[in-house]
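Trainee: this one's structure only:
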C-alpha cells in the first residue's frame, strides 16, 4: 500500500498485540466497525475495517486517511483519528478513532420518527447541534478541506439524545441544556471523509448536497441521488417551522437552494445559528425565571395560609379551654352550694342544743374539716410548737446541770463556764 505507507502501520496479524476486540458497533457499505480496547492504558476506540482489493481503493483509502487526519487536528467537531494499520496479507485496513456513545444522527432520527412519544427534539439541542456542525464545516473549510458527503449517517452524537427529554420537568431540561452552552462541550461531530477533498485534489466539487431526513426537508422532497437537484412541485413532508421556528426553516431552505450563489457560507451559518441558540437560551431562562417566581409566590401564599390556619386553630383551642374552665368552675360552685345546703339542713336550732349535742356537732365538724384538709396546716403548726417547747426545756435542763453553785441564771446558762486561770 504505497500511497499511504507513511500514514499506517504494517501488520501481519489481527493487531492483537496492541488492541483487544470487544464487540461489534455497526456495519456499512465500507465494512464493519468494532469497539477495541488499547492495551496499556485501556482506552476504548472504534476500529473501522476496510477491504482494499484494487489500486484505486488503495489510493482512495490513503486520501481519506490523509484528509481525515488533517481535518481532525484543527477542530473539535471532527471524529479524532488515533491510529491506522494495514495488513498486506488480508488487504485489510484498520482505522482507529474515538468512540462516541450517541450513535449517528440517522438512527436517532429514525428512533424519534417511529416512536410513540412526541416526535420532536428540544429546540435548544437542535440549535446547538446545527451550530456545532456549522462550526466544524467552517473550521475545516478554512483549511481548504471539503467534506462532500454531508448526511445524517456521517454525523455522530457524543451522548444519547431522545425525544423523552421533552417530557421531563423544565428545570431538568435547562440543567441538561446548560451543559451544552460552551463550545467545547461537543454534541455532534463529523465523520467519514471518504469523499473529502483538499485544495490539491483535482475534480473537486464546490458544493455537494445530500438528501436529508424527513423532519429537516423544507422544500423539495427526498431524493435518492447525490448532488444538487432541481426544485419540484409539492411539499409532501412537514416543514421545520411547524416543529421549531421559521428562522431555522429559512436557513434550511437557503442551504437547499438550487442556485449555489444563494446558499449560505459556513461562517454566516455560525452567526445565524448562534443568534438562534442565544435567543432560545434567553427564552428558556425567562420561562424558567417566570416559573420560579410563580412557584415562589405560590410557596409564600401557602406559608401565609398555613400560618393563618395555625393562628385560628390556637384561638379555637384557647376558647375551648376557657369554656371548659368556666364549666368546671360552675360545676364546682354548684357542688359547694349543694354541700352547704346539705350541711345547713343537718344543723339543729341553736337554742335547743344541749352541751353534749353541741360537743358532738363540733367534733363532727372538726372531723369533716380534717378530712377536707383545712386543719392540716394548724395541726402541723401545733406540732412544731410542741417540738420547740420540748427543745427549749431540754436546753434549760442541760444548762442548769452545767451552771456553777450560787450563780444566777445568766448567759452562762446557755454557754459553758470559762476555764480556770
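Mentor: The structure has been received and is ready for your questions. Model, not experiment: these values are computed from the prediction.
Trainee: Report the separation between residue 84 and residue 113.
Mentor: Taking Cβ to Cβ, to the nearest Å as the measure, residue 84 and residue 113 are separated by 35 Å. All C-beta atoms are positioned from the backbone trio N, CA, C, and that covers glycine.
Trainee: Looking only at neighbour counts, state which of those two leads.
Mentor: Neighbour count, other Cβ atoms under 10 Å: between residue 84 and residue 113, residue 84 has more, with 21 against 12.
Trainee: hang on, the more buried one packs against residue 92?
Mentor: No. Residue 84 lies out of contact with residue 92 (Cβ atoms under 8 Å); the separation is 11.5 Å.
Trainee: so where is the stretch 1-150 of the chain shaky, pLDDT-wise?
Mentor: Applying pLDDT under 70 to the stretch 1-150 of the chain picks out residues 1-6, 28-30, 55-57, 115-120.
Trainee: Now do the domain split for the protein, please.
Mentor: For the chain, the structural domains run 1-99, 361-392, going by automatic domain parsing.
Trainee: okay if I get those domains as CSV plus distance to residue 276?
Mentor: Compiled in CSV, the domains of the chain are given as follows (distance: least, Cβ to Cβ, whole Å):
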stretch, distance to residue 276
domain 1-99, 18
domain 361-392, 92
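Trainee: Identify whichever of the ones you listed lies nearest to residue 296.
Mentor: domain 1-99 (39.2 Å; Cβ to Cβ).
Trainee: List phi and psi for residue 245.
Mentor: Backbone torsions for residue 245, taken as degrees, to the nearest 10, come to phi -150, psi 160.
Trainee: Could I get the pLDDT score of it?
Mentor: pLDDT for residue 245: 74.
Trainee: For residue 331, identify the helix or strand it belongs to.
Mentor: Using DSSP states H and E, the element containing residue 331 is helix 266-346.
Trainee: which residues sit in contact with residue 245?
Mentor: For residue 245, the contact set (Cβ atoms under 8 Å, 6 or more residues apart in numbering) comprises 123, 276.
Trainee: From residue 272, how far out is it?
Mentor: Distance, residue 245 to residue 272, by Cβ to Cβ: 12 Å.
Trainee: do residue 128 as well
Mentor: Per Cβ to Cβ, residue 128 is found 14 Å from residue 272.
Trainee: again, but for residue 105
Mentor: Look at residue 105 and residue 272: by Cβ to Cβ, they are 20 Å apart.
Trainee: Can you check my assumption that residue 257 lies in a strand?
Mentor: No. The assignment for residue 257 (DSSP: H, G, I helix; E, B strand; the rest coil) gives coil, which keeps it out of a strand.
Trainee: what residues are up against it?
Mentor: residue 263.
Trainee: What helix or strand is the closest residue in space to residue 77 that isn't next to it in sequence located in?
Mentor: Nearest residue to residue 77 in three dimensions, chain neighbours excluded: residue 136, at 3.0 Å (Cβ to Cβ, 6 or more residues apart in numbering). Using DSSP H and E, residue 136 sits within helix 123-141.
Trainee: Can you tell me what sits against that helix?
Mentor: Residues outside helix 123-141 that contact it (Cβ under 8 Å, 6+ apart) are 71, 74-78, 105, 146-147, 150, 155, 157, 161, 165, 177, 180, 183, 186-190, 244-245, 248, 251, 265-267, 269-270, 273-274, 276-277, 280-281, 284.
Trainee: could you give the angle of the helix holding residue 331 to helix 123-141?
Mentor: Orientation of helix 266-346 against helix 123-141 (axes from the mean of the first three to the mean of the last three Cα atoms, to 10 degrees) gives an angle of 150 degrees.
Trainee: Past helix 266-346, which element shows up next along the chain?
Mentor: By DSSP H and E, the next helix or strand past helix 266-346 is helix 355-372.
Trainee: buried ones in the next helix or strand after that next one?
Mentor: Per DSSP H and E, the first helix or strand lying C-terminal to helix 355-372 is helix 376-402. Using 16 or more other Cβ atoms under 10 Å as the test for burial, helix 376-402 gives no buried residues.
Trainee: Check stretch 60-69 too.
Mentor: Neighbour counts over stretch 60-69 (16+ other Cβ under 10 Å) mark 60-69 as buried.
Trainee: can you name the two of the residues you listed that are farthest apart?
Mentor: Greatest spatial distance in the buried residues of stretch 60-69: 60 and 69, 15.0 Å, computed using Cβ to Cβ.
Trainee: Which one's more surrounded, residue 128 and residue 272?
Mentor: The neighbour comparison of residue 128 against residue 272 (other Cβ under 10 Å) goes to residue 128, with 23 against 19.
Trainee: quick one: that one and residue 140, what's the gap?
Mentor: Taking Cβ to Cβ, one finds residue 128 at 19 Å from residue 140.
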